[in-house]
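[1] Task: produce atomic coordinates for the following.
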Amino acid sequence: MLKCPLSHRVVSVLAVAQHVAVALCLVGLTFDVSSAAEPAVAKPSGSPASVLLICVDDLRPELGCYGVDYIHSPNIDALAARGRLFQQHYVQAPTCGASRYTLLTGRYGPGSNGALFQRAGQWKKAADQVPVSMPGWFRQQGYTTVSVGKVSHHPGGRGGKDWDDDSQPEMPTAWTRHLLPAAEWQHPRGWMHGLANGEIRVNAGQMDVFQAVNGPDSIYPDGPSMDEALRQLQQVAAAEEPFFLAVGILRPHLPFGAPKKYLQLYDGIKLPPVPHPEKPGGRTTWHKSGEFMKYNRWKRNPNEDPQFSEDVRRHYAACVSYADAQVGKLMRQLQESGRADSTVVVLWGDHGWHLGEHAIWGKHALFEESLRSPLIICQPGMETVTTPVSGVVETLDVFPTLCEMTGIAAPKQLDGRSLVSMLRDPQAAGHPAISYTGRASTIRTARHRLILHRDGFAELYDHDSAAAETENVAASQPDVVQSLSTMLKERLAR
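    You can find the predicted model right below:
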């Protein structure tokens with residue numbers, strides 16, 4: 001197992017309301033290779049369920065189904081109403097690449113955005129010594145595995161200057177097809193930070209931090225990508241083989257750009273105040289929101305300008321509603337395909353995002369807002385449920401859960417545990433969650449979060465206290481610090 005520092009988890013809530021559709025179909029890049037790293041295992045008897053995995057970038061639990069009453073997210077809310085919503089799901093790292101590494105491998109890993117490329121380099125040297133990935137494992141069981149959009153860190157799953165070099169796959173042997181229709185955004189790198197009508201990021205300081213242009217969904221990057229995803233869903237659903245289709249939705253990733261109709265959903269709506277908006281005192285994992293601040297902000301700072309803060313939050317909300325509309329398209333296509341009753345659906349956010357809490361506009365800290373993200377799992381034939389899962393879980397658990405739900409054996413190297421028992425009983429106990437960055441690691445229990453810095457400095461937060469993550473109580477609770485430190489180290493040593 002890769003040894004790495006670990007970190008912590010995040011909390012937040014959301015709301016309800018509308019949806020829209022429309023998109024333009026464009027052909028994407030294709031990477032097709034045969035599986036070779038590990039011998040296949042025998043498939044269980046019967047027809048295994050297919051999997052639709054929906055990955056949403058930078059999505060905190062800013063959704064109606066999580067209790068935020070001003071958000072328009074009807075499609076995700078509908079998915080949550082017929083599946084199981086996990087209230088306290090935490091990612092392994094507050095950054096895209098490292099978080100997706102854990103989702104796609106079921107293992108702790110490096111805390112950097114290059115984690116999957118590091119794994120690819122190891123695979124190139126000694127494929128038989130690199131544990132199989134989740135899509136690679138399902139492929140070995142006879143599944144057609146397809147990825148569209150941003151599923152691994154690079155949309156389309158390739159390296160190179162513009163992220164389109166077929167000789168540099170991010171996940172060798174994992175995907176039957178790994179696609180990204182860059183359309184008018186020229187290449188996957190341009191698509192990743194694109195605004196309306198083909199605008200790509202050359203200099204972030206010259207690109208607006210938010211935007212809302214009139215037009216259909218196709219004028220922003222998720223439009224053509226979702227059309228490709230719908231076409232792929234139609235194709236794999238028509239085949240006899242089970243499928244593992246992963247669809248990565250880019251928004252609400254920076255810059256916050258979505259068709260104007262989604263911003264108009266928030267006209268006249270009063271936003272709730274930002275909780276604990278002050279920069280924390282003392283030593284913490286606070287950061288300067290560098291990714292956000294490098295964009296053109298018209299010389300305005302949301303920490304100093306309440307109106308600008310509200311403008312940013314409305315544009316983030318518009319992007320959430322745009323992403324929600326894309327989820328609606330997928331779910332309608334799945335229903336029309338005739339495979340809805342035999343397909344497990346998972347909606348997963350790759351990490352949280354601060355909207356001014358702790359004076360942060362971004363994700364790279366180890367506070368709750370960075371690490372808590374949505375997780376919704378829908379099982380075929382599951383009756384409408386209203387009780388969310390309250391126990392603490394983590395992204396590591398998705399891989400073994402999907403194995404159990406589809407009836408295939410799980411590989412032995414996984415660091416997580418199946419959540420099937422919690423799908424059946426939402427009151428079942430969860431387990432502590434581990435997260436990390438390069439400078440600290442954290443463990444989140446139902447009550448506490450402990451953050452351990454590399455030099456041993458401890459932050460301890462008590463979520464039974466109204467102060468929560470605004471007051472470090474490590475000095476007054478040394479026994480808790482010691483107990484959680486031991487637990488954290490034991491988890492890392494496994």
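[2] now the helices for this protein?
    74-81, 96-105, 115-125, 134-140, 188-192, 222-238, 260-263, 290-293, 306-337, 368-371, 398-406, 420-424, 478-493 (DSSP state H).
[3] Give the buried residues for the third one.
    So the one you mean is helix 115-125. 115-117, 119-120, 123 (16 or more other Cβ atoms under 10 Å). (Glycine included, C-beta is placed from N, CA and C.)
[4] quick one: that helix to chain centroid distance?
    21 Å (Cα atoms, centre = their mean, to the nearest Å).
[5] Show me what that helix is packed up against.
    helix 96-105, strand 165-169 (3 or more Cβ pairs under 8 Å, 6 or more residues apart in numbering; DSSP states H and E).
[6] Take the ones you listed and write them to TSV, including mean neighbour count.
    Shown next, in TSV, are those (neighbours: other Cβ atoms under 10 Å):
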stretch	mean neighbour count
helix 96-105	28
strand 165-169	15
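[7] quick one: which of these is nearest N303?
    Closest of the helices and strands packed on helix 115-125 to N303 is helix 96-105, at 23.7 Å (criterion: Cβ to Cβ).
[8] any idea of the mean pLDDT in that closest one?
    Averaging pLDDT along helix 96-105 yields 98.
[9] relative to helix 115-125, how tilted is it?
    60 degrees (axes from the mean of the first three to the mean of the last three Cα atoms, to 10 degrees).
[10] and helix 96-105, what other elements does it pack with?
    helix 115-125, helix 134-140, helix 398-406.
[11] 10 Å - rerun?
    strand 50-56, helix 115-125, helix 134-140, strand 243-249, strand 343-349, helix 398-406, strand 433-436 (3 or more Cβ pairs under 10 Å, 6 or more residues apart in numbering; DSSP states H and E).
[12] what are the phi and psi values for the closest residue to W137 other than its chain neighbours?
    Nearest in space to W137, with sequence neighbours left out and distances taken as Cβ to Cβ, 6 or more residues apart in numbering, is P411 at 5.8 Å. The phi/psi pair for P411 (degrees, to the nearest 10) reads phi -60, psi 160.
[13] show me what contacts P411?
    38, 41, 105-106, 131-134, 136-137, 140, 399-400, 403 (Cβ atoms under 10 Å, 6 or more residues apart in numbering).
[14] where's the residue nearest the centre of the chain relative to T145, distance?
    Using Cα atoms, centre = their mean, the residue of the chain that lies closest to the mean C-alpha position is D350, 1.7 Å off. Look at D350 and T145: by Cβ to Cβ, to the nearest Å, they are 19 Å apart.
[15] A212 now?
    Counting by Cβ to Cβ - A212 and T145 are separated by 36 Å.
[16] who has more neighbours, those two?
    T145 (27 against 20; other Cβ atoms under 10 Å).
[17] what residues are up against the nearest residue to Y101 once chain neighbours are set aside?
    Leaving aside its chain neighbours, Y101 sits nearest to A115 (3.8 Å; criterion: Cβ to Cβ, 6+ apart). If you count contacts by Cβ under 10 Å, 6+ apart, A115 has them with 2, 4, 92-93, 95-102, 104-105, 109, 152-153, 170.
[18] got it, and L53?
    So L53 contacts 103-104, 134-135, 147, 151, 244-248, 344-348, 398, 402 (Cβ under 10 Å, 6+ apart).
[19] Report the mean confidence score over stretch 466-486.
    97.
[20] wait, stretch 200-210
    Here the average pLDDT along stretch 200-210 is 97.
[21] With stretch 145-156 instead?
    On average, stretch 145-156 scores 97.
[22] With only the CA atoms kept, save that stretch in PDB.
    The C-alpha trace of stretch 145-156 is given here as PDB (Å, rounded to 0.1, in the frame of the first residue of the first chain):
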ATOM      1  CA  THR A 145     -15.900   0.500 -19.100                       C
ATOM      2  CA  VAL A 146     -16.400   4.000 -20.500                       C
ATOM      3  CA  SER A 147     -15.400   7.300 -19.200                       C
ATOM      4  CA  VAL A 148     -16.700  10.700 -20.500                       C
ATOM      5  CA  GLY A 149     -15.700  14.100 -19.200                       C
ATOM      6  CA  LYS A 150     -13.600  14.700 -16.100                       C
ATOM      7  CA  VAL A 151     -13.500  11.400 -14.300                       C
ATOM      8  CA  SER A 152      -9.800  11.100 -13.600                       C
ATOM      9  CA  HIS A 153      -7.900  14.300 -13.000                       C
ATOM     10  CA  HIS A 154      -7.300  15.200 -16.700                       C
ATOM     11  CA  PRO A 155     -10.600  15.200 -18.700                       C
ATOM     12  CA  GLY A 156     -10.200  12.500 -21.300                       C
END
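[23] What residues of it count as buried?
    Per 16+ other Cβ under 10 Å, stretch 145-156 contains these buried residues: 145-156.
[24] repeat for stretch 276-295
    In stretch 276-295, counting by 16+ other Cβ under 10 Å, buried: 276-277, 280, 284-287, 289, 291-293, 295.
[25] So which of the residues you listed sit within strands?
    Among the buried residues of stretch 276-295, no residue falls in strands (DSSP state E).
[26] right, and out of these, which lies closest to R314?
    Distances from R314 to those, taken by Cβ to Cβ, are shortest for F292, at 15.2 Å.
[27] G215 is in contact with P259, isn't it?
    Yes: when contacts are counted by Cβ atoms under 10 Å, G215 is listed as touching P259 (5.6 Å).
[28] Compare those two (neighbour count), which wins?
    More crowded of G215 and P259, by other Cβ under 10 Å: P259, with 24 against 14.
[29] Contact partners for the more buried one?
    20, 22, 196, 212-220, 223, 318, 321-322, 325.
[30] returning to what we had before: specify the stretch among the helices and strands packed on helix 96-105 that is closest to A183.
    Once the helices and strands packed on helix 96-105 are compared by Cβ to Cβ, strand 243-249 is nearest, at 15.3 Å.
[31] Tell me which strands the closest one pairs with, and in which orientation.
    strand 50-56 (parallel), strand 144-149 (parallel) (DSSP bridges).
[32] relative orientation of it and strand 343-349 in degrees?
    Using the same axes, to 10 degrees: strand 243-249 against strand 343-349 is 30 degrees.
[33] so H178 makes contact with D164?
    No: in this structure, H178 is not within contact of D164 by Cβ under 10 Å, at 11.3 Å.
[34] before we move on, the earlier item: can you list the strands paired with strand 243-249 in a markdown table and add distance to V236?
    Shown next, in a markdown table, are the strands paired with strand 243-249 (distance: least, Cβ to Cβ, whole Å):
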| stretch | distance to V236 |
| --- | --- |
| strand 50-56 | 8 |
| strand 144-149 | 5 |
